[in-house]
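**Student:** Give me coordinates for this.
(chains A, B, C and D)
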2 protein chains.
Amino acid sequence: MYTVEDIKQRLQDKGVSPSNYRIKILKYLLENKNHATVDKIYTDLKADMPTMSKTTVYNTLEIFIHNNIVQVITIEEGETRYDADTSTHGHFKCTVCGEVYDFDVTLPNIDTESLKDFEIEEKHIYYKGRCNKCK
Amino acid sequence: MYTVEDIKQRLQDKGVSPSNYRIKILKYLLENKNHATVDKIYTDLKADMPTMSKTTVYNTLEIFIHNNIVQVITIEEGETRYDADTSTHGHFKCTVCGEVYDFDVTLPNIDTESLKDFEIEEKHIYYKGRCNKCK
DNA sequence: GTATCTGCAAAACATTTGCAATTCT
DNA sequence: AGAATTGCAAATGTTTTGCAGATAC
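**Tutor:** This is a model prediction of the structure:
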């Protein structure tokens, strides 16, 4: 879906030099909108690139986060997920199958009294329950 | 603020037998709306009860969650927080001082096609940024 | 005296770190 | 060569687990 050139350009636009692993990892995240964990990325890419280490996945994601190329999705402990869509949108996690779905949401303006003079940098919203397949 | 009798009643109402530690831990969470981590609860209560182990804090919270006495607040990896207010409300975490603030919010029902026929059980929303003191 | 509750120590994980090895220019 | 990238192995920190000991009814 994405050419290597596309990805290279994206990385360079964000000021990140496009090494092979970085290209592969970003391509993976763009093409698999599955909110993958480090372990999933590692396992899936390992098939193609047996020499890649998990540390590289961690390092790369760290750089991506720092340069706003991916966002971190925290829904529950022990599984940090990564999303190449950095816009604010909701996530639904099915407690049965574990799948995470996106949903569009317009975040409400909050009661200004309680957070008066606060500087909001990130907004996250997630729901949990059973997806249509697991009901 | 809360008498031991109050807490006992609450626990029994939820079907949990009111042992001393359970009473103390729930009392702590009700009186300190600080979204404490296990470590904070442990450290703070340890002063009064030097014999209490961290395992007991984990065990107790597990029971509380299971019986809907507290809710889990997941904002970022490596620090699970607990809240004795089980209603749906927003949390703001200051990235400078680490403090977590509550805010009132009405979370939207999902209108779109995207989550058609999904069964929503929990709604969570959190913002991150700088609080009024750390701006 | 039987259930439940508690606590220690070890195990299990995800993530981070230090540093050496490799690669790229 | 020099700088950036990668990888191994150890360390860290949180949470879980197994089981033994203590406590409660």
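
**Student:** So is the helix or strand encompassing A:Val72 next to DNA strand C?
**Tutor:** Using DSSP states H and E, A:Val72 falls within strand A:71-76. No. Figure legend: strand A:71-76 not in contact with DNA strand C (CB under 7 Å from any atom of the strand); closest approach 8.8 Å. (Glycine included, C-beta is placed from N, CA and C.)

**Student:** quick one, phi psi at the spatially most central residue of chain A?
**Tutor:** Residue closest to the average C-alpha location in chain A (CA atoms, centre = their mean): A:Asp83, at 1.6 Å. Per-residue torsions, A:Asp83: phi -130, psi 120 (degrees, to the nearest 10).

**Student:** And for the one 4 residues further on?
**Tutor:** Here the main-chain torsion angles of A:Ser87 (degrees, to the nearest 10) amount to phi -70, psi 160.

**Student:** Run a quick neighbour tally on it.
**Tutor:** 8 (other CB atoms under 10 Å in any protein chain shown).

**Student:** Over to the one 5 residues further on?
**Tutor:** Per other CB under 10 Å, the neighbour tally for A:Phe92 reads 23.

**Student:** if I've got this straight, it is in a strand?
**Tutor:** Yes. Under DSSP: H, G, I helix; E, B strand; the rest coil, A:Phe92 sits within a strand.

**Student:** any idea how far the residue nearest to A:Arg10 when sequence neighbours are not counted lies from DNA strand D?
**Tutor:** With CB to CB, 6 or more residues apart in numbering or on different chains as the criterion, A:Arg10 has its nearest non-adjacent residue at 6.8 Å, and that residue is A:Leu26. Distance of A:Leu26 to DNA strand D, given as CB to the nearest atom of the strand, to the nearest Å: 12 Å.
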